[in-house]
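Trainee: quick one: sequence and predicted model below, then my questions.
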Amino acid sequence: MRTRSDTIFGGRSIAVGFIALLALGAVSSAQVIRDSVEVDMGPRSIFYNRIEPPVLKPQPTPAPVSRAALEVEPTAEELAELAAWNAKTDVYLFLSCTVFDHSVTEVRWWREEGEYVFWSGIDFNHLRGAWGLETNRTRFTLILGIGDESSEETGAVVPKVPVGEYRIVGFPKTGISPEVVAALDDLHACYMANRESFRLAFEASEAKRLEDEAWQRANPPVPKDTVINYFPIRSSQGGSR
């Protein structure tokens, strides 16, 4: 552990415990360090720098805004867009997906009434980047947990499901909700209408991921020092804490 003092340092600071920290870039590009402690972490060091408290510039009082300025009448076009938005059903799909052989997916969908399990002829990997989808009547928000398996290696019995179709094999005691059927119909229809786009987007994403991984292996990150700048806060009673 080494110490230093009266040094100029410019950068950013982060919050630590009970002491006050600031982003130096928001106040000044440089600060006088009154005391510093360096903790040697092997390939890198952590510097704890005690700096002078910043002098913040007073902020101007914003001009008052009249109520009339806030009340804006929507245009006919905006009202039409709002009506079209409200006409669609919002469906939130929190799905656990196991893709077998890059072709058929076993999907589990937990809803308020219970769990649905269905087999889909969609490779759900293709929907990884499609967190939001819209059809003529449905607006989907997708949150997918996806894993890949081989039926040969796992010995799983995977049904043959044509692309774009699905088979519900598990559902709550209350039966299959018509809302679920409508949502799955729309989801699979949307996939089929944009199948090639989904596939190409996924392949491009995978290629980029592999390229990034190869670059990281060839260019491992160099450990960097961590600098934490702090200053004490004076209480209303005049003491520091």
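Mentor: Ah, there it is. Numbering: from 1, shown residues only.
Trainee: hey, let's count contacts and neighbours off CA atoms from now on
Mentor: Will do.
Trainee: where exactly do the helices run in this structure?
Mentor: With DSSP state H as the criterion, the chain has helices at 67-70, 76-87, 151-154, 178-193, 195-218.
Trainee: out of the ones you listed, flag the one nearest residue 162.
Mentor: Closest to residue 162 of those is helix 178-193 (CA to CA; 11.2 Å).
Trainee: which residues are in contact with that closest one?
Mentor: If you take CA atoms under 8 Å, 6 or more residues apart in numbering as the criterion, helix 178-193 is touched by 91, 122, 133, 134, 135, 138, 164, 165, 198.
Trainee: can you flag which of those belong to strands?
Mentor: The members of the contacts of helix 178-193 that map onto strands under DSSP state E are 91, 133, 134, 138.
Trainee: need those in a markdown table with neighbour count, can you?
Mentor: Below are the ones in strands among the contacts of helix 178-193 laid out as a markdown table (neighbours: other CA atoms under 10 Å):
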| residue | neighbour count |
| --- | --- |
| 91 | 16 |
| 133 | 15 |
| 134 | 16 |
| 138 | 19 |
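Trainee: tell me the least confident of these?
Mentor: Note: of the ones in strands among the contacts of helix 178-193, the lowest pLDDT belongs to residue 134, at 84.
Trainee: got the contact list for that one?
Mentor: Counting by CA under 8 Å, 6+ apart, residue 134 touches 140, 190.
Trainee: how about 7 Å then?
Mentor: residue 140 (CA atoms under 7 Å, 6 or more residues apart in numbering).
Trainee: could you list the low-pLDDT ranges of this structure?
Mentor: 1-30, 234-241 (pLDDT under 70).
Trainee: mind giving me the domain ranges of it?
Mentor: The record's domain parsing of the chain by automatic domain parsing lists 2-55+223-230, 84-207.
Trainee: could the ones you listed be laid out in JSON lines, adding distance to residue 77?
Mentor: JSON lines is the format used below for the domains of the chain (distance: least, CA to CA, whole Å):
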{"stretch": "domain 2-55+223-230", "distance to residue 77": "42"}
{"stretch": "domain 84-207", "distance to residue 77": "11"}
